[in-house]
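With the input below, show me the fold.
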Amino acid sequence: MGTTQLDTVPEPKYWHLKTVLSDALDSEFAVGEILPNERELAARFGVARATLRQALEQLELEGRLQRRRGVGTTVAPPRVGVAVGDYTHTWTEAGDDTWSCVDSVEAVPPAAVVRLLDTDPDAPVHQVRRTRVSQGQPLAAELLYVPAASVPGLAAIDTPSGLARARAVLRELGRLKLEGREQSVELGSARADDAKELDRLPGAPVLVVTTRYVAENRTAAVAVATYRADTCRLTFGDANGDANGVELLAG
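Got it, this is the predicted structure:
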């Protein structure tokens, strides 16, 4: 069989450097240790800083490195297995690995969410912000969009925004019997607000999980959760609540 053109293409410099750096991380550095600055690393390996940055970005995407505000680039710990899409979903705050409410406002959702909710494009919905923490480590930030029709019992005298409002929305949402969900996941970059909550730099790699919850044959809510791609391994259970679902490895 003849040699294809792709077979003759040399390996990119940054990709080779990534392999060399990965070996160095295994043999010379401990978890949490801060790497030398870019100038020192570029001089050590005899490469341009642009090439070094490409290699470092790839290692961050693969979960080998973390870039921390005010600290620098450190060796990342092993990824944390995070279960998403459990069928027996609850909206309560309990346990060490759960969602915690941060705030709630009424706002018009993005167009992509409007399409999933099938609501009027100009109609405001309850927008609940939550965070997910495991063993003291921030894992994800979520925006939960809840139309008024899903929480008809929400008292008008409740505070219009804030933490108390968020909990009231979730309390009423919990009265619905969920019939199912649809999920999608894609690789993205952290927005400024999500990066702050996740202790990452803006633009850091993230996994965005969008979930449409169904109740009474309609969309009850839509959640857009942003997970840290450098530390999370997402596990999807099946509709019977089987925890041994598909594992999606970030990177």
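
Would you state the strands of the protein in chain order?
Using DSSP state E, the strands found in the chain span residues 65-68, 72-75, 80-84, 98-107, 125-134, 137-146, 180-189, 205-215, 218-228, 232-236, 246-249.

List the buried residues for the fifth one?
Think strand 125-134. Using 16 or more other CB atoms under 10 Å as the burial criterion, the residues of strand 125-134 that qualify are 125-132, 134. For the C-beta atoms, the positions are set from N, CA and C on the backbone; glycine is no exception.

re the thing from before, any chance of the strands of the chain in CSV, with mean pLDDT and distance to Phe29 too?
Output for the strands of the chain, formatted as CSV (pLDDT from 0 to 100; distance: least, CB to CB, whole Å):
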stretch, mean pLDDT, distance to Phe29
strand 65-68, 80, 10
strand 72-75, 87, 5
strand 80-84, 63, 20
strand 98-107, 88, 33
strand 125-134, 89, 24
strand 137-146, 89, 20
strand 180-189, 87, 26
strand 205-215, 90, 21
strand 218-228, 92, 20
strand 232-236, 69, 21
strand 246-249, 36, 22
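
which one of those strands is the most hemmed in?
Comparing the strands of the chain by mean neighbour count (mean count of other CB atoms under 10 Å), strand 218-228 comes out on top with a mean of 23.

Name the nearest residue to Leu176, sequence neighbours excluded.
Ala215 (4.3 Å; CB to CB, 6 or more residues apart in numbering).

is it true that that neighbour touches Leu178?
Yes: taking contacts as CB atoms under 8 Å, Ala215 lies within contact range of Leu178: 5.3 Å.

Could I get the contacting residues of Arg64?
22, 25, 75-76 (CB atoms under 8 Å, 6 or more residues apart in numbering).

Which of those sits closest to Leu163?
Ala76 (31.4 Å; CB to CB).

which of the buried residues of strand 125-134 sit farthest apart?
Val125 and Ser134 (28.4 Å).

Around Arg44, how many other residues sit close by?
11 (other CB atoms under 10 Å).

Is it correct that it is in contact with Asn37?
No: between Arg44 and Asn37 there is no contact under CB under 8 Å: 10.9 Å.

re earlier: any idea how far the residue nearest to Leu176 lies from Leu154?
16 Å (CB to CB, to the nearest Å).

now do Arg67
Taking CB to CB, one finds Arg67 at 41 Å from Leu154.

Could you list the buried residues of stretch 24-41?
Counting neighbours by 16+ other CB under 10 Å, stretch 24-41 gives 25, 35, 41 as buried.

what comes into contact with that stretch?
With CB under 8 Å, 6+ apart, stretch 24-41 has contacts from 44, 49, 52-53, 56, 59, 64-65, 71-77.

right, and out of the residues you listed, which lies closest to Glu197?
Out of those, the member with the shortest distance to Glu197 (by CB to CB) is Val71, at 17.1 Å.

check contacts around that closest one.
Ile34.

start at 22 instead
That works, and once the first residue is 22, the last one we named lands at Val92.

mind checking pLDDT for it?
The model reports Val92 with a pLDDT of 80.

What of Thr109?
At Thr109, pLDDT is 44.

Counting only helices, which of the contacts of Arg85 make the cut?
43, 46 (DSSP state H).
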